[in-house]
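Peer 1: need the 3D shape of this:
(2 chains)
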Amino acid sequence: MDWGAIVQNALRAAFGLEAAYFALAAIGLNVHFGYTGLLNFGQAGFLAVGAYGMGIAVTYFGWSLWVGIGVSILAAVVFALLLGLPTLRLRADYLAIVTIASAEIVRLVFRSARFQPVTGGSAGLQNFAGEFYRINPYDTGVYRLEAVYAGGVGPFDVVRVLLALALLWIVVDRLLPGRLPGSRRPRVAPSAADADESVASREVIGLREIVLLAVAAVILVVGLSPVAFNERRMWILTVGWGLVALTSLLVFLLMRSPWGRVLKSIREDEDAARSLGKNVVSYKMQSLVFGGVIGALGGLVFVIGNQSIQPDNFGTPITFFAYAALILGGTARVFGPVVGSMIFWALLSFAENALQQGREAGYISNDFLTSTQIGQLRFMLVGVGLMLLMVFRPQGIFGNRREIDLSVRR
Amino acid sequence: MSVADRPAAASAVEALGGVDRRPGVPKPDPILTVDGVHRRFGGLTAVNVDHLEVQRGSITALIGPNGAGKTTFFNLLTGFDKPDSGIWTFDGEDMAGMPAHKVARTGMVRTFQLTKSLARLSVMENMKLGATGQRGEGFGRALLPPLWLGQERANEARALELLTRFKLDTKRDDFAGTLSGGQRKLLEMARALMVQPRLVMLDEPMAGVNPALTQSLLGHVKGLREEGMTVVFVEHDMDVVYDISDWVVVMAEGRIIAEGPPAAIGANQEVIDAYLGAHHDAPLTFEEEERQLAEDHARARAEGEGRT
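Peer 2: Now for the predicted structure:
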């Protein structure tokens, strides 16, 4: 078995197109579910509306791609308003039911034969992304996240050493709190009861540190040079991850503002927010629109990257994978959905490649597992992993266990 | 310390001194006037209030057996529920049909029977949420901190002042979910004050609070009156009602059956035993409850007439 190739593929998947557009979908869900407590089970619908808004504008109306992107965003806003107006005044469960159904309705309308001239029916739409790739700043070639040097020390080696030192610092700081100069000392607990609680729940080395160490080890040993993309993929990934960075920054700024405080108060108890003079319905609508537009951007990155829109790529699993990525990373954390998405796709790739190679090497009998079954089994394995995570670390990688425990109504 | 020692208490008592003791009696200076508010749940009439006035600057207790419609009445007045019919004005402003958040912004703020602390926000964030007219609560302006940071600091200073008064300042950075039940009641009251209300409506402020903290909560409620606020509260504990209220309104089966100063309502030992005291939490039949209420009503009226 070629473990090197397995790790390389997993690393590639962590930076790939799927990870990028799922990160956007999960950031949108984080705004909905993580910060506002809205149960949106129809994020796939927002991705579809984003994809088709642009696709139809370009292929059917012959408009420019850039106008089409505007249409996508507008379509996502309208879709959010349509979903929200009848349901946001009702209890949370109604939004969940309406969104999951609407996402399916959207997909079935787009793939129906009736609208085939506009939407392309089940064949979908192609030939809309030309304008995007025409302004590609990358020349033809293969691009690596880390350049390969024939010998000597490359600039990335300096980055590697710095990265290793930073990680070492974090771990030492966790093991010996308050010992390092300039490190944050543990806050003095105000009461004895609190002190007991914080001692009991303190983890010396948590999952976050283990993940960081694992990532550091991979980068130190393997390096990022195996992560290579051609110029077209490199261009959409630059834009895709750029959008991830931009929306993460927006979420960061918004959630530490009074606006974000109102959203969080709605998540905790909307009647309390209402009794303090907050227009809860309006804020829920703003949250639904904002997160939905981020989801639509994810849909745009997805179809421009694939240069094809397929209606069946927008089924309900998209929504639930995005939820899985979000919960894996940690809800109501700015980087939770981003890191969650990268790890989710890296794990899927790892499971698939490991099983595939194991089968080819004869460790797994062909009678037991065919190559087509591997595609299904990887989801089962990742699913079991997520279940274990929920049992032992419900807060995800970035979350705070005490905060999660508080969410159980007392 | 007796209630009459305080100047605001004295003036409230004085203002209500000449008021008739009958349901729906007009007050000299009402801040809240309710007319014909009805709310039915299917066949059950939960609230049927013909007329009620609440005196400005007073502490008014709303009492009655379980299921009397006190909380539903609160919900109706504060926009959390819609009545089938009825109008009510707050400081001359028509409030019927106004959504809950606008009611709060008008200056009529409520708390809840089951405390609604925002568990995963810190105590300070809970407080700052209560401030009204925040510039940073708009989506666009939220992205430009210089527009709202100054206001945020001012709100924080005001919140800290209130927290100190309610002895929660040491908890400012703790999650509200880690507070004890009594501390949550304090936090909820302090948070309501961040709205800068003129009328505070407290739904069972003392429920589930230990006796030591009850005293401190009572002091805070009296303090609201000293600051010129009007307080309406629902309470089951008659000691509390006697201690702090200037006026008592008794509800049963959705109707207001009696009004009067606490001494008049509670003077009769039989009323206390039969209705308000020993048995009031025990299940009663409707017939018996009605009989007791009628007696109570009659006595209160007789007593009222005796004094005026």
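Peer 1: so how far is chain B from A:F229?
Peer 2: From A:F229 over to chain B the distance is 33 Å, taken as CB to the nearest CB, to the nearest Å. C-beta coordinates here come from the backbone N, C-alpha and C atoms, glycine included.
Peer 1: please apply the same query to A:L108.
Peer 2: A:L108 sits 33 Å away from chain B, going by CB to the nearest CB.
Peer 1: what's the burial count for that residue?
Peer 2: Using other CB atoms under 10 Å in any protein chain shown, the number of residues around A:L108 comes to 10.
Peer 1: ranges for the helices of chain B?
Peer 2: Using DSSP state H, the helices of chain B run over B:7-17, B:70-77, B:100-106, B:123-129, B:139-142, B:149-165, B:181-194, B:211-226, B:238-244, B:262-266, B:269-271, B:286-307.
Peer 1: those helices: lowest mean pLDDT?
Peer 2: Lowest mean pLDDT within the helices of chain B: helix B:269-271, at a mean of 48.
Peer 1: JSON lines for the helices of chain B, including mean neighbour count?
Peer 2: Listed next are those as JSON lines, based on neighbours: other CB atoms under 10 Å in any protein chain shown:
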{"stretch": "helix B:7-17", "mean neighbour count": "16"}
{"stretch": "helix B:70-77", "mean neighbour count": "24"}
{"stretch": "helix B:100-106", "mean neighbour count": "21"}
{"stretch": "helix B:123-129", "mean neighbour count": "25"}
{"stretch": "helix B:139-142", "mean neighbour count": "16"}
{"stretch": "helix B:149-165", "mean neighbour count": "16"}
{"stretch": "helix B:181-194", "mean neighbour count": "22"}
{"stretch": "helix B:211-226", "mean neighbour count": "16"}
{"stretch": "helix B:238-244", "mean neighbour count": "18"}
{"stretch": "helix B:262-266", "mean neighbour count": "21"}
{"stretch": "helix B:269-271", "mean neighbour count": "14"}
{"stretch": "helix B:286-307", "mean neighbour count": "16"}
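Peer 1: excluding its backbone neighbours, what's nearest A:V67?
Peer 2: A:A57 (6.2 Å; CB to CB, 6 or more residues apart in numbering or on different chains).
Peer 1: just to revisit the earlier point, TSV for the helices of chain B, including distance to A:V251?
Peer 2: TSV is the format used below for the helices of chain B (distance: least, CB to CB, whole Å):
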stretch	distance to A:V251
helix B:7-17	48
helix B:70-77	35
helix B:100-106	25
helix B:123-129	17
helix B:139-142	11
helix B:149-165	19
helix B:181-194	26
helix B:211-226	38
helix B:238-244	46
helix B:262-266	53
helix B:269-271	59
helix B:286-307	55
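Peer 1: Serialize the ones you listed to CSV and add fields for distance to chain A.
Peer 2: Formatted as CSV, these follow (distance: least, CB to the nearest CB, whole Å):
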stretch, distance to chain A
helix B:7-17, 25
helix B:70-77, 10
helix B:100-106, 4
helix B:123-129, 5
helix B:139-142, 4
helix B:149-165, 7
helix B:181-194, 7
helix B:211-226, 15
helix B:238-244, 22
helix B:262-266, 27
helix B:269-271, 33
helix B:286-307, 30
